[in-house]
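Trainee: Kindly return the folded structure for what I paste below:
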Amino acid sequence: MNVSLTPELENFINGEVKGGLYQTASEVVRAGLRRLKEDKERQPSFSVSTLEELEDKLAEGVKQLEQGDGIPGDQVMAELRKRNANFKRANR
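Mentor: Below is the predicted model of the structure:
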């Protein structure tokens, strides 16, 4: 597979290799693609384009909670803290 890169991206990749964390440009590209894949997997499983759709999704969620289909709050908070820590590490 051949991929065309902008000079800016080429310079970035070369800088990452020179920094010593990666041995080759391919390693840098693979790391970037893994990150892109992880980001896509973390996105919500639904999307809304109007306020009405959002309200419908929220009502559906409330109904699920009332039926006991929710996730314990401490579990949610632990996951949010983990994601926040990962985000901070990735954006240093």
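
Trainee: Show me the residue sitting in the middle of this protein in space.
Mentor: Compute the mean C-alpha point of the chain, and by C-alpha atoms, centre = their mean the closest residue is residue 39, 2.2 Å away.

Trainee: what about it, which helix or strand?
Mentor: helix 25-42 (DSSP states H and E).

Trainee: tell me which residues in that helix are buried?
Mentor: 28-29 (16 or more other C-beta atoms under 10 Å). The way it works is simple: take the backbone N, C-alpha and C, and place the C-beta from them, glycine included.

Trainee: Excluding its own residues, what touches the helix or strand just after that helix? List them.
Mentor: Heading C-terminal from helix 25-42, the first helix or strand you meet, by DSSP H and E, is helix 51-66. By C-beta atoms under 8 Å, 6 or more residues apart in numbering, the surrounding residues in contact with helix 51-66 are 46, 48, 70.

Trainee: any idea which of those residues is closest to residue 79?
Mentor: Among the contacts of helix 51-66, residue 70 lies closest to residue 79 (C-beta to C-beta), at 13.4 Å.

Trainee: tell me the contacts of the closest one?
Mentor: Residue 70 neighbours (C-beta under 8 Å, 6+ apart): residue 64.

Trainee: need the contact list for residue 3.
Mentor: residue 29.

Trainee: Roughly how far does it sit from residue 35?
Mentor: 16 Å (C-beta to C-beta, to the nearest Å).

Trainee: Look at residue 69 and tell me its secondary structure.
Mentor: coil (DSSP: H, G, I helix; E, B strand; the rest coil).

Trainee: Look up phi and psi at it.
Mentor: Backbone torsions for residue 69, taken as degrees, to the nearest 10, come to phi -90, psi 20.
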